[in-house]
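*Asks:* Sequence first, then the predicted structure, then my questions.
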Amino acid sequence: MYLLLANPEAGGRRFQKVKNQLLKTLERLKVKFELVELPNLVDAQEMMKKHIKTDTTGIVAVGGNATVNTVINSLADESIPMGIIPVGKTNYLAHSLGIKGWRAACGILAAPARREQRLGKIGKHYFVDRLEILCSQNLLAKYLRREGPLKRFLGSTKVAPRQLPCVHTEIKLDDNLKVESSLQKLAVVLNNEKGGKKLCLELVTDSPKNPTRLWADEIAIEGDKKMPVLMGNEEVAHTPVEIKGMTKYIELLVPQASKPQRPARRLLKKFKKR
């Protein structure tokens, strides 16, 4: 049985709009579950422990980036698989795992594959996959590049300039190396290979197509201006920060690997006759 932890506020309360359809879909697929709506994401870990039973086979985050990040932190010291039903406006981890919408997620829970994913840690928060650190100007420019209500309201149809402002940044790697650079952005990517280095840093300076890559187990980042740290589109911290690659893994429920298509039997018979 799955324990579904749902954030009713995710994506402009989108969960409430799809709740009945979602539950009916799970029932039709014969997925056993218990639904718990979280009045506050801060209470997620307490609610999870309260409702876990001996037959609980997985914890499922129902919501957007904030919900997923909260459940990851709640499960970091547990040995229970985690699933995702994306119902928020954005869910970068679900997208990277190939979970396309809440309907597809329900089907995955009915017959999931499992994948171990390495955990990283920023301050007291765990994360999966990657983080982005941007200067404030870049954060605004990132959204202004997209077509949308804000861009139309401003009456701007021009693409934001490519040469974006940089922030002078100091990066310490494993207490052995110090790097100083003027950055547009910095991506911290977890290496999921067994025995490999745990963090890959992608530094973007004046050439976004050719980032500088560095590897380390631990990094400390400080700039002459505060820069936001993002998980997906959720701001989780500001520089200065310390980020570590962990030896811990979390087990994720993901789509089954697609099988190669086999030719139809009739086509094989015709080919043999020829």
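*Replies:* Nice, I can see it.

*Asks:* Dump stretch 183-201 to PDB, restricted to CA.
*Replies:* Taking Å, rounded to 0.1, in the frame of the first residue of the first chain, the C-alpha atoms of stretch 183-201 are listed here in PDB:
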ATOM      1  CA  LEU A 183      30.000  33.500 -13.000                       C
ATOM      2  CA  GLN A 184      26.600  33.800 -14.800                       C
ATOM      3  CA  LYS A 185      25.500  30.600 -13.200                       C
ATOM      4  CA  LEU A 186      26.700  27.500 -11.500                       C
ATOM      5  CA  ALA A 187      25.100  24.000 -11.800                       C
ATOM      6  CA  VAL A 188      25.900  21.300  -9.200                       C
ATOM      7  CA  VAL A 189      25.100  17.900 -10.600                       C
ATOM      8  CA  LEU A 190      25.200  14.600  -8.600                       C
ATOM      9  CA  ASN A 191      27.200  11.900 -10.200                       C
ATOM     10  CA  ASN A 192      25.200   8.700  -9.700                       C
ATOM     11  CA  GLU A 193      28.000   6.200 -10.600                       C
ATOM     12  CA  LYS A 194      29.200   3.900  -7.900                       C
ATOM     13  CA  GLY A 195      32.600   4.800  -6.600                       C
ATOM     14  CA  GLY A 196      32.800   8.000  -8.800                       C
ATOM     15  CA  LYS A 197      33.100  11.500  -7.600                       C
ATOM     16  CA  LYS A 198      29.900  12.700  -6.100                       C
ATOM     17  CA  LEU A 199      29.600  16.300  -7.400                       C
ATOM     18  CA  CYS A 200      30.200  17.700 -10.800                       C
ATOM     19  CA  LEU A 201      30.300  21.500 -11.000                       C
END
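
*Asks:* Go through stretch 214-225 and flag the buried ones.
*Replies:* Neighbour-count burial for stretch 214-225, counted by 16 or more other CB atoms under 10 Å, picks out 214, 215, 216, 218, 219, 220, 221, 223. Every C-beta, even on glycine, is put in place using the N, C-alpha and C of the backbone.

*Asks:* hang on, isn't the fourth one packed against residue 242?
*Replies:* By that I understand residue 218. Yes - counting by CB atoms under 8 Å, residue 218 does reach residue 242; the two are 6.9 Å apart.

*Asks:* give me the element residue 200 is part of.
*Replies:* Assigned by DSSP states H and E, residue 200 falls within strand 199-204.

*Asks:* quick check: mean pLDDT across that strand?
*Replies:* For strand 199-204, mean pLDDT rounds to 84.

*Asks:* Flag every buried residue along it.
*Replies:* For strand 199-204, by 16+ other CB under 10 Å, it's 199, 200, 201, 203, 204.

*Asks:* so what strands line up beside that strand?
*Replies:* strand 185-190 (antiparallel), strand 212-216 (antiparallel) (DSSP bridges).

*Asks:* which residues touch it?
*Replies:* Here strand 199-204 makes contact (CB atoms under 8 Å, 6 or more residues apart in numbering) with 120, 171, 173, 179, 181, 183-191, 211-219, 243-245.

*Asks:* make it 7 Å
*Replies:* Applying CB atoms under 7 Å, 6 or more residues apart in numbering, the external contacts of strand 199-204 come out as 120, 181, 183-191, 211-217, 219, 243, 245.
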